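J.: need a structure here:
(chains A and B)
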Amino acid sequence: MPALGTFVLLAAFVVAAFAIAACVAGARTRSTRLVESGIGAFYTVTALMTLASGVLVHAFVTDNYAIKYVQRYSDSAQPLAYKIASYWGGLDGSIMFWVFLLAAFGAIAVQVNRVRHRELIPYVVAVIAATEMFFIYLMVVHKNPFSTFLTAAPVDGAGLNPLLQNFYMAIHPPSLYIGFVAMTIPFAFGIAALITGHLDDAWLRAVRRWTMIGWLFLSFGLTLGMLWAYEELGWGGYWGWDPVENAGLLPWFTATAFLHSVMVQERRGMLRVWNVTLVITTFFLTIFGTFMTRSGVVQSVHAFGEDRELAWLFTIFMVVILTFSFGLVIYRLPLLKSRNELDSWASREAAFLANNWILLFSAFFVLFATMFPTLSEAVKGERLTVGPPFFNKWMLPIGLTLLTLTGVGPLLAWRRSTMTNIVQQFTWPVVMGVLTAAALYAFGVRVWSSGLCFALCAFSATTITQEFLRGAGVRRAATGTDLFTGLVGLFGRSRRRYAGYIVHLGIVVMFLGFAGEGFKQEEQLPMKVGQQTTVGPFTVRHDSLRVTADAQKQMVTGHVSVFEDGKLVGEMRPARWYYEKRPDEPTTEVAIRRAPAEDLYIVLTTDFDPATQTVTYAITVNPLVNWIWLGFGILAIGSIISLLPESMFAVAMAKLPEAAVTTMLLLTLMPTAAFAQHIENPQAIRIAPRTQLEKELQSEIICMCGTCGRKRIGECTCGLAAQMRAEVAQMVSQGRSREQIYEFYMAKYGSQEPLASPIDKGFNRLAWLVPYLVGASGALMLGIVAVRWSRREEQPAEISQAAPGDDDPSMQQRLDDELRDLD
Amino acid sequence: MKTKALKIAATVLVLTGALGGLMYTSLAEGTEYYKHVDEVMTDPSAWHGKKLQLHGFVVDKSILRKPETLEYRFQIHNNGHVINASYTGVVPDTFKGGSEVVLKGQLGPNGFQVNHDGVMAKCPSKYEAKGPAATRGI
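T.: The predicted structure is shown next:
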């Protein structure tokens, strides 16, 4: 099997080389047959990479420890899901997974666009195939995931790092990788356009969509990374400016900048060089991010080990990318001339420009600060480092400025805003912002950064609401329907604009969550049994410390009672798990009590003594954290709407029976509810029993939370009962019998010791569903997009370029209003 | 055209100047020197008051803890040089005699004062595990 894997990789390398040669030659000689053959080869690479992935996954599943990579990242005790996820658990496999995703995405992109962008496709194929070749080369010569032990193979594997054994491992890396590889496709289109000189705006549409898809996945990946850090790592926060996190953030900044500035090009024909540069930079940063995390040039908690040779290979590749791409840009400069000039600083173009500068500066700043230790070592020979406070100091004002622009930008007219226009647009938002600030001050909020952030959130949220209400009002007047239909109709009329507002709303909600950080309260202290401490609104009492064990690990669990206003509101079970195979890397099982207002977050620290039952807890109150996850949900919905075909909203465009609209609304809201539930309080999801056995078990198993007076899990409302219900559901669906489930619980809790449970179990299993749902909806989305793209697109409405007479203010204002309303 | 280019150049210059200046000053406050114990101990007074990340090994059996508090005193060494360190807070799992650590804090006349949460165990295994598994420390 390993020999097959290596052979497939080699074959993929050769076939990719052929794809490049055939496509380039075909494009040069205008031979359709050659190009077709190249595209066929390109699809073959995808098939080969799928096969290689299959071989590796098969090796993991069948515990083939003759393969070094499998031996290192898996063991026989690991659950099947982690065995599969181990595919991308290490360096070699993650590179292969990268190529696999790139091949899959590339194939979709080529298939979707091969007719419409016929003249670009050969070069698109060549660029993607070249990128694939680089990564396959890395594997073949340096990091072959299929390399085997030359001596006798070990009988068991070393096991995946316990820190990675949670469900985020199954979705966070894939989603981030998809975000990364998706950025290759806009780059390929950009390069193809530069080579062929077909630099009209048609290629921009393809580029914009693929950037949007990549951006969505990148945002998803980053948010999941935050959740992972927050729930699993147990340091009380979600973002630590770790180099690996930053590596994901860099292309996010430039992609965001591109998604904004591309509108200026579509609308006004400006910023053409700039946009091409952004596309190239975004791609470059994805490669650079991979380089940073894979080669060990920066020190990070979760970077892979140091690897000089890999660093050199990457450096060469990056130099090639930069020289080649910017060489082409310079070569094509005459074709990239701007068609218009900036008319006024009080215009939407100018706001976009400001937004771009700030985003680009953010990218530059984060890059600089991340590389600073390495740079200082190279320049001064002395290792200087900068920590999170330095990042925060800079990114705080930058973030707030961006938040302000989120509100300001959409209110400005294209070309030039008049004074009346500005007053009319800004009155309400400014009033709301100031009112919020005043109210906060009156209520005694004195954290200026968070206070300002809240005020700006109010400002931006008001501008978005105002836009929606005005738009809906106009539609209602025009079509005579109700406000709701008008609202949905807005998406039919200018989907991108209003979907963009929803994304903005998501960002605003996320900023609410970030601002909560300013009110964070922390406490660490050693506690004896019965001792209490108060953090924020909560009083926490240490009840006991239990040590239990199962086949894989030893578990130390703290039992804590939580009181609010003198009333017992819950029990929490922070724990540390010591895996047999990795006793030096215990995992922190954080106990989180979630609420919209604040999370109570308790960590059992290293400092505990089972003999005296003394424990040090790190107790944190994290206000508003859940709004970050909710904000991402809103953002995702906005992005997906912008990628949906316009015809979906046609129902609300015409004067139609209201039933259709209601259905539409429900359809739109459904994912919100699902997201909100999952994010808000996963422990509280209540599932209706699906089978008779499950239903019976719900009244046969007793909740072990200890406070409910031994209620049945079907009746108890606490979080633990919900978890147990999910656990039961899981086991029933696995086909376990009633006796087996009984045995499981008896083994789990011990006969006389009902309170020995680690808290996180059931939720994780349930949450396994999420990646598949996300994957399925992603596939669905891609399908819809594909169908839409394969249709011929209607020409965008021509915009009148005639300048209004400067001497007629009323005429100008009307024109401004109308221009502003276009998309 | 010429005035426009001039304007752009001026704006870019002013902006980069201002941002660069700000960055430089805040960088001076924000940076920490990454040093090994012996590098610092050759001339300790030169490092007084500077932010440091100190790399060394915990001296065996040097860890003392004030009962019922989180106050620690211990020593770290490298290449024959030893520094006394004091710390208040929770220590990582791998913090024990002989382990390799990086301490964030400042050097004073009474030794090295470690910041809150400033003890980082230098973990040899990242994704790529190396070295034999040590014995459990519960």
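J.: max-length helix in chain B?
T.: helix B:2-30 (DSSP state H).
J.: after that helix comes which helix or strand?
T.: strand B:31-36 (DSSP states H and E).
J.: Do that following strand and chain A come into contact?
T.: Yes - on the criterion C-beta under 8 Å from any C-beta of the partner chain, strand B:31-36 is in touch with chain A at B:Thr31, B:Glu32, B:Tyr33, B:Tyr34, B:Lys35. (C-beta placed from N, C-alpha, C; glycine too.)
J.: Now do the buried residues in the very next helix or strand once past that strand.
T.: Moving toward the C-terminus from strand B:31-36, the next helix or strand (DSSP H and E) is helix B:37-41. Buried residues in helix B:37-41, counted by 16 or more other C-beta atoms under 10 Å in any protein chain shown: B:Val37, B:Asp38, B:Glu39, B:Val40, B:Met41.
J.: got the contact list for the first one?
T.: Same thing as B:Val37. By C-beta atoms under 8 Å, 6 or more residues apart in numbering or on different chains, B:Val37 lies in contact with B:Leu54, B:His55, B:Gly56, B:Ile76, B:His77, B:Asn78, B:Asn79, B:His81, B:Val82, B:Ile83.
J.: that older thread, so how far is the longest helix of chain B off the chain centroid?
T.: 31 Å (C-alpha atoms, centre = their mean, to the nearest Å).
J.: average pLDDT for it?
T.: For helix B:2-30, mean pLDDT is 81.
J.: Likewise for stretch A:633-647?
T.: On average, the pLDDT along stretch A:633-647 is 84.
J.: In that stretch, which residues have enough neighbours to count as buried?
T.: So stretch A:633-647, judged by 16+ other C-beta under 10 Å, has buried residues A:Gly633, A:Ile634, A:Leu635, A:Ala636, A:Ile637, A:Gly638, A:Ser639, A:Ile640, A:Ile641, A:Ser642, A:Leu643, A:Leu644.
J.: could the residues you listed go into CSV alongside secondary structure and distance to A:Ser449?
T.: Shown next, in CSV, are the buried residues of stretch A:633-647 (DSSP: H, G, I helix; E, B strand; the rest coil; distance: C-beta to C-beta, whole Å):
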residue, secondary structure, distance to A:Ser449
A:Gly633, helix, 25
A:Ile634, helix, 23
A:Leu635, helix, 22
A:Ala636, helix, 27
A:Ile637, helix, 28
A:Gly638, helix, 26
A:Ser639, helix, 28
A:Ile640, helix, 32
A:Ile641, helix, 32
A:Ser642, helix, 31
A:Leu643, helix, 34
A:Leu644, coil, 37
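J.: by contact count, what packs against the helix or strand hosting A:Met555?
T.: Using DSSP H and E, A:Met555 sits in strand A:553-564. Strand A:553-564 makes packing contacts with strand A:538-549, strand A:567-572, strand A:575-579, strand A:598-609, strand A:614-623 when contacts are defined by 3 or more C-beta pairs under 8 Å, 6 or more residues apart in numbering or on different chains; DSSP states H and E.
J.: Partner strands of the last one, with direction?
T.: Strands adjacent to strand A:614-623 in the sheet, as given by DSSP bridges, are strand A:521-527 (antiparallel), strand A:598-609 (antiparallel).
J.: cool, and the third one?
T.: Strand A:575-579 has the following sheet partners, assigned by DSSP bridges: strand A:553-564 (antiparallel), strand A:587-589 (antiparallel).
J.: Taking strand A:567-572 as reference, get the angle to the first one.
T.: So that's strand A:553-564. Here strand A:553-564 runs at an angle of 170 degrees relative to strand A:567-572 (axes from the mean of the first three to the mean of the last three C-alpha atoms, to 10 degrees).
J.: Give me the buried positions along strand A:553-564.
T.: Neighbour counts using 16+ other C-beta under 10 Å place A:Lys553, A:Gln554, A:Met555, A:Val556, A:Thr557, A:Gly558, A:His559, A:Val560, A:Ser561, A:Val562, A:Phe563 of strand A:553-564 among the buried residues.
J.: Tally up the residues packed near the closest residue to the second one other than its chain neighbours, please.
T.: So the one you mean is A:Gln554. Computed as C-beta to C-beta, 6 or more residues apart in numbering or on different chains, the closest residue to A:Gln554 that is not its neighbour in sequence is A:Tyr578, at 4.6 Å. Residues contacting A:Tyr578 under the criterion other C-beta atoms under 10 Å in any protein chain shown number 22.
J.: what's the answer for A:Ala439, then?
T.: When neighbours are defined as other C-beta under 10 Å, A:Ala439 has 13 of them.
J.: again, but for A:Thr286
T.: Neighbour count for A:Thr286, taken as other C-beta under 10 Å: 30.
J.: For residue 106, list the residues it contacts.
T.: Unless you meant another one, I'm taking chain A. Listed by C-beta under 8 Å, 6+ apart, the contact set of A:Gly106 reads A:Phe42, A:Thr46, A:Val125, A:Ile128, A:Ala129, A:Glu132, A:Thr184, A:Ile185, A:Ala188.
J.: Correction: the question concerned chain B.
T.: B:His48, B:Gly49, B:Lys50, B:Lys51, B:Leu52, B:Phe112, B:Gln113, B:Asn115.
J.: pretty sure the fifth one belongs to a helix, no?
T.: No - the assignment for B:Leu52 by DSSP: H, G, I helix; E, B strand; the rest coil gives strand, which leaves it out of any helix.
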